[in-house]
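>>> Give me a 3D structure for the following:
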Amino acid sequence: MAAVAMAHGINANLLRRWVHEMAQPPVDAVAASDKPVGFIALPMPAPSAQPAPSDEPIRIEIRRGATTIALTWPAGAADACAAWMREPLR
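This next block holds a predicted model:
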């Protein structure tokens, strides 16, 4: 349920509340009215297009005392860069 809520930009607790409320018997005042109780389908905006990956390389500079390490990594391999950087940051 949390993944569905997050995928649609809704707080997971709010979605749980809505589901819980829909599972409960209607309140007398609502049941007495002629208006149907339920969810209303709303149009969802089309998902925005992902930004094009940058051709600019990733540049990282690490300083420790008098030593400096400069690293340039292809932007297309950002996941590999993040995995590689986990070691020095531990």
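>>> Can you tell me, leaving aside adjacent residues, what's nearest to residue 56?
The shortest distance from residue 56 to any residue other than its chain neighbours is 6.0 Å, reached at residue 75 (C-beta to C-beta, 6 or more residues apart in numbering). All C-beta spots, glycine's among them, are computed from the backbone N, C-alpha and C.
>>> State whether the one you found and residue 58 are indeed in contact, as I suppose.
Yes. Here residue 75 reaches residue 58: they are 5.7 Å apart, a contact under C-beta atoms under 8 Å.
>>> out of the two, which sits in the busier spot?
residue 58 (16 against 12; other C-beta atoms under 10 Å).
>>> What are the boundaries of the strands in the protein?
58-64, 67-73 (DSSP state E).
>>> what's the offset of the first one from the middle of its chain?
In terms of C-alpha atoms, centre = their mean, to the nearest Å, the gap separating the centre of strand 58-64 from the centre of its chain is 28 Å.
>>> in its sheet, what does that strand sit against?
Paired strands of strand 58-64, with direction, are strand 67-73 (antiparallel) (DSSP bridges).
>>> Okay, buried residues for the strand it pairs with please.
Buried residues in strand 67-73, defined by neighbour count with 16 or more other C-beta atoms under 10 Å: residue 73.
>>> Please state the mean pLDDT value computed over that strand.
Mean pLDDT, computed over strand 67-73, is 90.
>>> CA-only coordinates of it in CSV, if you can.
Output of strand 67-73 as CSV, limited to C-alpha atoms (Å, rounded to 0.1, in the frame of the first residue of the first chain):
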residue,chain,number,x,y,z
THR,A,67,46.6,14.8,0.2
THR,A,68,44.0,15.5,-2.4
ILE,A,69,42.5,12.9,-4.8
ALA,A,70,40.5,14.2,-7.8
LEU,A,71,38.2,11.8,-9.6
THR,A,72,36.4,12.2,-12.9
TRP,A,73,33.7,9.7,-13.7
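>>> quick one, helices of this structure?
With helices called from DSSP state H, the chain shows them at 2-7, 12-23, 28-32, 78-85.
>>> To residue 43, which of these lies closest?
helix 2-7 (16.5 Å; C-beta to C-beta).
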